[in-house]
Structures are given as structure tokens and as C-alpha cells.
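Engineer: Got a predicted structure plus its sequence, pasted below:
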Number of protein chains: 2
Amino acid sequence: MFKINTNYQKLPGSYLFSNIAKKVAAFQEANPDKEIIRLGIGDVTQPLTKSVIATLHSAVDEMADGATFRGYAPDLGYDFLRNAICENDYKKRGCDIAADEIFVSDGAKSDSGNIQEIFSVDNKIAVCDPVYPVYVDSNVMGGRCGSYDPSSEKWSDIIYMPTTAENGFVPEFPKETPDIIYLCFPNNPTGTTITKSQLQQWVDYANKNGCVIIYDAAYEAYISEEDVAHSIYECEGARTCAIEIRSFSKNAGFTGVRLGFTVVPKDLKCGDVTLHSMWARRHGTKFNGAPYIIQRAGEAVYSEAGQKEIKELVGYYMNNAKTIRSGLEEAGYEVYGGVNAPYIWLKTPNNMTSWEFFDYLLENANVVGTPGSGFGPSGEHYFRLTAFGTLENSKKALERIKKL
Amino acid sequence: MFKINTNYQKLPGSYLFSNIAKKVAAFQEANPDKEIIRLGIGDVTQPLTKSVIATLHSAVDEMADGATFRGYAPDLGYDFLRNAICENDYKKRGCDIAADEIFVSDGAKSDSGNIQEIFSVDNKIAVCDPVYPVYVDSNVMGGRCGSYDPSSEKWSDIIYMPTTAENGFVPEFPKETPDIIYLCFPNNPTGTTITKSQLQQWVDYANKNGCVIIYDAAYEAYISEEDVAHSIYECEGARTCAIEIRSFSKNAGFTGVRLGFTVVPKDLKCGDVTLHSMWARRHGTKFNGAPYIIQRAGEAVYSEAGQKEIKELVGYYMNNAKTIRSGLEEAGYEVYGGVNAPYIWLKTPNNMTSWEFFDYLLENANVVGTPGSGFGPSGEHYFRLTAFGTLENSKKALERIKKL
């Protein structure tokens, strides 16, 4: 008789965003006349840029002609895209990363979830708290997290590193040494980040203690301050301890297009074994390349026109962030993030729980956000709003919130 | 200190197709004037069809306009595509499958590799021998296969079911009862298949013994004979024991477009737990949906024009298959497959090993095929040619082979 992977059964109930969707649907049904503004999920709303659209069309045309048709892509990505990424995201920033250390994929979520597979089950992971849920959930599925305690909302074998207003949202080195450290800066959900010298300390810590850092830099395009690293490879020594995951979703609006990449430097080793060779084997066995037309669209993002367009796109969302942030401040809220990231993280008023504030905001302002507690226990009493809506809706939402 | 998943280190050397590519490159370098014909890898050569191209263009246009732009797709697939699949691939064949039992993905290779994750590590798998390498390799990575014996080319904990000319390429029920049975019909690499009543026996066996069948039907569009099932759900009782994996790669030429799906019926359970809920959780956590424009292209395949076009496409490749098969027969080879599948499986002449025949064919006819031993020990002394080339090249290759 076949047996299932019982780790799946340890995962508590349904997913954060499903719960939100259910609550919103119930409210809308009870109040059909109310216009709900959604600033919850981190999904973009602006269309793809001109260069990307033009490139998609021309790549589609190539697929219509036997002479230019492309079948299976190289598992690890087309050279044209790996070279463009290498040149623009790494060489231009002085990072020592080679094109063949870049693995093109169907997005940062897949890579964030799959990367744990190449590590032993008995590694101990450390995560910031609150954090993007995929890191923890994928490790639970992989059997790495022990048991879940519903009262503390924590897993017995995970090392939590709280990031709250009290420590300025900068995680502290944990008392117990982890094997794998997930870091996401600029951070989802807090919208805050750390300085380059603080990141350097993490790289030094990892190298000293034999840890791997899995660095999720999906929001790097939103960095506006000077002393913040866009890539962990700006830090000295990162080649021997860090894997970096990147996305086209937030800079170029590819959430529905699906393209991302992961960098695994060849100097990152366990004994004689390079993690590069392991990730290559994983990619080659369980993935069949990102679609040709979409890899071409990714390349277009790096053209001169493409770069100008995504700067405008990011600028549009960051203007929303400013609108939301300053509106909340005017309304007397304690607000974080929104400067180097498209997320605004606010402290709930009057010691409301995150879910109480969710209901309060939905019922009284008809605005949907995300309860901070959904991202981890230290997210309790916080709340996330995203800047990915339209400017009009961002303004309208804040007008309503100010009137509460 | 972090530790790696040591199961990866058990995998022998590099991948079959990399070895072939190296040999071909070396031959071409030594013989720059020779025109090599590639009938090795199962990659298509004909362009996408008109309906698909038109739909891709219009979906790209939707992504250019804020009013029709689509961000994150539903994790499990857009309803328009799930409904089209349900109606055309299942309801029309009398299969009792609901649209919400269909999980849209970026391709059958990913699903074939990932599906083992939802099962316990201590399940025992059975595979046909020879077989598509992903089933075994992904289970090795998952820690399910024991140790590899280079002399027998077998894993200690895998149950091998030989399919050779001796048993008419029909696997026999294994002596030891497996937990998970991988079946692929029409088969890659042998190009042969089994009848619907033979498949029914497997379904009955699985239900009786508490096994799950993972049924890879990537080549169903090539079935030309009446008594062959296009879906395992044509068999009675399959809803309680079978998962089916399907692809748009071979019927519609989507190898470089990436689209597939997996069917997990809600009646397939381990105790109270449905595998449907587990695969949904896996999809929702570690995958972010197939691209909108590509799901629209998939839908176009099911339009009236789309169906007509793919029949022509499949007909084109099957005409190649016929050309190759009859050419080989004329040349005196013992030939299998090519009737319900785009693969021709031949017995090597004069008891040559598969790799000896590979070298012989490359050097003397400048034709590239795939050594049967690369698909498993029982593939030794066999050789695979694919019908996915052009008609011109298929004819030319056979002219050369006939002259040997």
C-alpha cells in the first residue's frame, strides 16, 4: 500500500491569501454596493512595457516559421538572457558572477520553494520573522522543521529571527547556529531593508560558521537609498556562502509572465561538491527550461528602452508607496517600509490584532490589506499594504483610511 | 556546517543526451564536411500552428493594456483552460474527470519529476525497463531507490519491469508488489503500447494491491489503433488508483512553449487524505501558475481549427515514422513502434551494443539516434530513432541507412 509524505499533513490549514479571499468574498456578498480596494496581495496592476510587448510579438513570429522555430530551450537558460543578466545585474555593479552561474527559471517562487531540495533533511534553517511563507512551508514539506505548535505559531526545529520595530527590523545573529539562513532584502512583508555593511556582517557570519545564505532579492529594483546592496555579491566573500534568487515579477511586471533566476556561484561547496552542479542536475532533471518567447521578453528588459521603461514602472509604484506612507502618517499611524520596497508595514492602532485590524479596515474603509501575523508570530499587531495598485486606488484608499 | 542532499551524489555521471551531444560535436569537428541528420532527441521541428500563433499574439496584446492585463494566474490553472481540457480530453472520451481535478503546469517533465514529492520516502517504485530517465532520477534525488550497481546498471530498491521483444513490450506484474507504478503508454522510448484491456489489468492490479499508477500519456495524440486507451480514465476504477500526466509538447509542438497538466482524481486517497489536496498544496507553495499567454495558447489547441491543425501536425510526424519504419524494414532491421507513437525502436544488427551501433550509424550514415541502453539495462541492443525531424531528413537518413 502506497504511503504519503506525512510532512504535508503537519502544515496548518489553508494559505493566508485563501483566507483573505474568503473573507473578502463574504463581505462583498453581504455588501454588494461597496467598492472594495485591494491592497493585499503583492500582484502588479500595470501592463507590460512597450519593449517587452514588441519583443513578445516578434518572438511569437519566430515560433511561426520553421526556420526560426525553437523547441526545447537549454535547461539552464538561453545564453542571450544569461549574458544580459550577468552584464546588467552583476558586472555593472562590480559583482564577480559569470553567466554560467545564472540559472533561468519560471520564477522566484519556484526557486525559493525548490532550492531546499539540494540540502540534507537534517539541516537547520533560520528565517526572519515575519517572512514570506514559502521558505518555511517548502522546508516543512521537505521534512526539515519538526512539529508545529499552534499556540506559539512556531515550528520546533526552525530558528526564528524576529524583525520588529524594537530592533529596527534588522535580524540579530541567532543564539543557535543555523545551517541555512533565508534572508529577503528589501523585505517582504515589512518593506524595510538593511544596509550593505549589515549585509556584509551576515556574509562574514555565514562564512565563519559554514552556513549557506539563501538571499531573496526579488525587490531590489525598489531600492532608493545609496548604502543598500542590490545583490549579496556586492559583499566580499559572498561567492563562498550565498545563493541569490531574483525575479522579473516586480521590476518588470512579469507576475503573470513567469520568469526569474537563481545564482549559484561555483565557489559555494560542501567538501568537493559544488552546489552549482547539484542545482544544475535538479534543473536538468525536473525542469525543462523557461519558454523561449518569455526569455526573449526578459532580455528586452535589459535593452536601453527596457531599462528606461522599468524605471518608470517602479517609479509609478513607489509614488503609490509614498502616497500610502504619507497618508498613513498623516492619519497618525506608526509606519515602516515603503522607501526601498513597495510594501508599507504599519503597526495596528489600539493594540488590535492583525486580523482585528483586517476586519476593521475591510468593514469601515472597504480596503483589503494583509494581516502581519500571517507572515509569522512577530508579525502580530502589524499590517501590510502594497503599493502595486493603481495611483487612483491608492489615493482613494488613503482618503477613506484618513476619515476613520 | 550545512550538509547536502547526498542522494544526488548517487546519480551516475552525466545525462544521456549530454553524452550524445559531446560525441556528435567531436565527430562534426573531425568531419566538418559531413551533413549530420539528428533523429535523436524527442524534440519537435515544425512551427506552432496558425491558431496558436494568432492566440499568442492576441494574448500578448491583452497584457499591453491595463484593462485586460493579467497578473498572477490561479496556481492550479485558469478555468478556461481546465474546462477545455476537461471537455475535450476527458468528457468526449467518456472519462469521469472534473475540471478541478486538472492541474495546469509548465510541462510534463516538471510534473513527472515533482509528483514523487507527495509520497513517503519509503515507498517502493516500479518502472518499465527501458524508460524515460526522469522517473528514476527524480526518485533517486528523493531518496527512494537504494544504491546503484554499475555492473547491472540497476538501483537496489527499484522494481524493474523489462519490456522487450520477448514479451511483446508488455510489462508483466512484478513478483514483489510495488507502492508506486510508473507507466508510460504509448511508450518512450520503445514506441510501443498496450491495449485498453491490458491497461485495465494494471488498474485492477493497482486497486487490488493499494498501488498508485503514475500514468504518463504524453504521446496519446499519436495513437492510431482502436483498442488503445488515450487516457487511463477510460479504464474502470482508475479514479481510485491513477494519476495521469499529459503534455502539449508532442501533439501541438509546445516543447519550447512549456505547457502540460496532471490529473489527480479526488477519489485517490491514502486513508482520509486525498492526493488531490496534497498536489494542490504542492502547486500552491512551489509553483506560481503557467503564463497567461501560454494557457491561452493551450486553449486554442482545443478550438475547431486548433484540433484540425494538430491532427495535421501529428500526421506529418507519423508519416515520418512510417518512412523510417518501412525503410528500416526494407534494410532488413527488426523494428518496433512507430504505429501509435513517434518513436521507432530497432534491434541492433549483429548483436552490436547500443553504443556500438550509435557510433556505427554516426560514422557511416552520419545519422544520430539514441542508444537504447541509455533508457535502462533492458534497452541494451536496441536503438531509438524519432519521427520528429523533417520529412526530407527522415527520407535522407533512411536512404543512407539502406546503403550501409
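Structural biologist: On my side now, so go ahead.

Engineer: and the closest residue to residue A:100 other than its chain neighbours, how many neighbours?
Structural biologist: Counting by CB to CB, 6 or more residues apart in numbering or on different chains, residue A:100 lies nearest to residue A:82, which is 7.0 Å off, once chain neighbours are set aside. The way it works is simple: take the backbone N, C-alpha and C, and place the C-beta from them, glycine included. For residue A:82, the neighbour count with other CB atoms under 10 Å in any protein chain shown is 22.

Engineer: Give me the longest helix you can find in chain A.
Structural biologist: Taking DSSP state H as the assignment, the helix of chain A that covers the most residues is helix A:304-330.

Engineer: Check the offset of whichever helix or strand comes after it from the chain's centre.
Structural biologist: Sequence-wise, the next helix or strand downstream of helix A:304-330 (DSSP states H and E) is strand A:335-337. How far strand A:335-337 lies from its chain's middle: 17 Å, per CA atoms, centre = their mean, to the nearest Å.

Engineer: Neighbouring strands of the helix or strand following strand A:335-337 in the sheet, and parallel or not?
Structural biologist: Following strand A:335-337 in sequence order, the next helix or strand is strand A:343-347 (DSSP H and E). Sheet pairing for strand A:343-347, assigned by DSSP bridges, gives strand A:335-337 (antiparallel), strand A:382-386 (antiparallel).

Engineer: Help me see whether the longest helix of chain A makes contact with chain B, please.
Structural biologist: No - Helix A:304-330 lies apart from chain B when judged by CB under 8 Å from any CB of the partner chain; the minimum separation is 11.1 Å.

Engineer: distance of residue A:130 from chain B?
Structural biologist: 17 Å (CB to the nearest CB, to the nearest Å).

Engineer: wait, what's in contact with that residue?
Structural biologist: By CB atoms under 8 Å, 6 or more residues apart in numbering or on different chains, the contact list for residue A:130 reads A:163, A:189-190, A:372-373, A:375-376, A:378-379, A:382.

Engineer: Could you report the neighbour count for residue A:381?
Structural biologist: Residues near residue A:381, counting by other CB under 10 Å: 20.

Engineer: and what of residue A:305?
Structural biologist: Neighbour tally, residue A:305, other CB under 10 Å: 14.

Engineer: Next, work out how far apart it and residue A:311 are.
Structural biologist: 11 Å (CB to CB, to the nearest Å).

Engineer: just residue A:25 next, same as before
Structural biologist: 37 Å.

Engineer: likewise residue A:117?
Structural biologist: 36 Å.

Engineer: Those two: who's more crowded?
Structural biologist: residue A:117 (21 against 12).

Engineer: doesn't that one fall inside a strand?
Structural biologist: No - Residue A:117 sits outside any strand when classified using DSSP: H, G, I helix; E, B strand; the rest coil, being helix.

Engineer: check contacts around it.
Structural biologist: A:142, A:282, B:5, B:141.

Engineer: List buried residues within the residues you listed.
Structural biologist: Neighbour counting by 16 or more other CB atoms under 10 Å in any protein chain shown classes A:142, A:282, B:5, B:141 among the contacts of residue A:117 as buried.

Engineer: Look up how far residue A:64 lies from the first one.
Structural biologist: Noted for residue A:142: a distance of 42 Å to residue A:64, by CB to CB.

Engineer: can you check the third one too?
Structural biologist: Distance of residue B:5 to residue A:64, given as CB to CB: 42 Å.

Engineer: try residue A:118
Structural biologist: 38 Å.

Engineer: again with residue A:166
Structural biologist: From residue A:166 to residue A:64 the distance is 59 Å (CB to CB).

Engineer: neighbour count winner among those two?
Structural biologist: For residue A:166 and residue A:64, the more surrounded residue by other CB under 10 Å is residue A:64, and the numbers stand at 17 against 8.

Engineer: show me what contacts the more buried one?
Structural biologist: B:47-48, B:50, B:53 are the contacts of residue A:64 under CB under 8 Å, 6+ apart.

Engineer: For whatever residue of the stretch 251-400 of chain A ends up closest to chain B, grab the count of nearby residues.
Structural biologist: Per CB to the nearest CB, residue A:286 is where the stretch 251-400 of chain A lies closest to chain B, at 3.2 Å. Residues near residue A:286, counting by other CB under 10 Å, number 22.

Engineer: before we move on, what about residue A:225?
Structural biologist: For residue A:225, using other CB under 10 Å, the count is 11.

Engineer: Ok, residue A:121 next?
Structural biologist: 14.

Engineer: For it, which non-adjacent residue is closest in space?
Structural biologist: residue A:143 (5.0 Å).

Engineer: And chain A, split by domain according to the record?
Structural biologist: A:13-47+A:305-403, A:53-303 (automatic domain parsing).

Engineer: could the ones you listed go into JSON lines alongside mean pLDDT?
Structural biologist: Shown next, in JSON lines, are those (pLDDT from 0 to 100):
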{"stretch": "domain A:13-47+A:305-403", "mean pLDDT": "96"}
{"stretch": "domain A:53-303", "mean pLDDT": "97"}
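
Engineer: Chain B contacts on the stretch 151-300 of chain A?
Structural biologist: Counting by CB under 8 Å from any CB, the stretch 151-300 of chain A sits next to chain B at A:179-180, A:209-212, A:253, A:255-258, A:270, A:273, A:275, A:278, A:281-282, A:284-294.

Engineer: what's near enough to touch residue A:298?
Structural biologist: A:81, A:84-85, A:104, A:248, A:252, A:254, A:259, A:290.

Engineer: Filter those down to the ones in strands?
Structural biologist: residue A:104 (DSSP state E).

Engineer: Just the closest of the contacts of residue A:298 to residue A:229, please.
Structural biologist: Ranked by distance to residue A:229 (CB to CB), the contacts of residue A:298 are led by residue A:85 at 16.9 Å.

Engineer: how much space between that closest one and residue A:96?
Structural biologist: Counting by CB to CB - residue A:85 and residue A:96 are separated by 14 Å.

Engineer: Looking at these two now, which is surrounded by more residues?
Structural biologist: residue A:85 (24 against 12).

Engineer: So for the more buried one, what's the nearest residue that isn't a sequence neighbour?
Structural biologist: residue A:102 (5.3 Å).

Engineer: Tell me the bridge partners for that neighbour.
Structural biologist: The partner residues for residue A:102, given DSSP bridges, come to residue A:263.

Engineer: Run through the residues that contact it.
Structural biologist: The contact partners of residue A:102, by CB under 8 Å, 6+ apart, come to A:77, A:82, A:85-86, A:261-263.

Engineer: Sitting in helices, which of those residues do you find?
Structural biologist: Per DSSP H, those map to helices at A:82, A:85.
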